[in-house]
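1. My questions are about this predicted structure, shown below with the sequence.
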Amino acid sequence: MKITIIVEKTKTGYSAYAEKYPVYTAGKSLEELKSNILEAVNLLLERAGKSVTENDLKIVLDLPQFFTFYKVINAKALSERIGMNQSLLAQYIKGIKKPSPTQTHRILKGVQQVGRELANVQFLP
């Protein structure tokens with residue numbers, strides 16, 4: 001079972017809520033938030049004798065939040081990789097412009113491709 005978790009940036013960190021479940025929480029970091037939301041969802045499901053792991057959570061971020069949390073992702077290099085104007089991607093990241101669903105998918109596809117490539121990298125001993 002996948003539970004969608006919507007994450008929002010706040011002045012003090014992050015807040016989150018689960019779609020279709022009455023679960024809300026907050027955390028100072030994204031890692032703390034994930035731990036808190038997992039605990040909250042499991043407390044709710046405990047009555048039904050069910051439990052979930054972090055793999056059962058689908059974390060949904062907007063672009064500015066993603067690039068704030070994953071600073072290791074270089075926006076300039078990503079824009080070149082996906083064939084998007086660097087200035088346009090920067091405007092999406094800063095929240096100046098909102099990407100269309102097609103543009104959002106294009107960016108996500110590029111990020112996921114980088115993730116798959118990194119997952120397969122091996123270093124020489």
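-> Good, I have the coordinates. Numbers count the residues shown, from 1 in each chain.

2. Any idea how far the one helix or strand in the chain whose mean pLDDT sits lowest is from the middle of the chain?
-> For the chain, the helix or strand with the lowest mean confidence is helix 63-69, at a mean of 85 (criterion: mean pLDDT, DSSP states H and E). The gap between where helix 63-69 is centred and where its chain is centred comes out at 8 Å by Cα atoms, centre = their mean, to the nearest Å.

3. I'd like the next helix or strand past that helix.
-> With elements assigned by DSSP states H and E, the helix or strand that comes after helix 63-69 is helix 75-82.

4. in the longest strand along the chain, what's buried?
-> Within the chain, and with DSSP state E defining each element, the longest strand by residue count is strand 3-10. When burial is assessed from 16 or more other Cβ atoms under 10 Å, strand 3-10 yields the following buried residues: 3, 5, 7, 9. To be clear about C-beta, it is placed using only N, CA and C from the backbone, and glycine gets the same treatment.

5. quick one: strands adjacent to it?
-> strand 13-18 (antiparallel), strand 57-60 (parallel) (DSSP bridges).

6. hang on, Leu67 packs against Ile93?
-> For residue 67 the amino acid is Phe, not Leu. Yes: if you go by Cβ atoms under 8 Å, Phe67 and Ile93 touch, sitting 4.7 Å apart.

7. Give me the common contacts of the two.
-> Overlap between the contact sets of Phe67 and Ile93, as judged by Cβ atoms under 8 Å, 6 or more residues apart in numbering, is given by Ala75.

8. now the helix or strand containing Ile37 and strand 13-18, what's the angle there?
-> With secondary structure defined by DSSP H and E, Ile37 is part of helix 30-46. Using axes from the mean of the first three to the mean of the last three Cα atoms, to 10 degrees, the direction of helix 30-46 lies 30 degrees away from that of strand 13-18.
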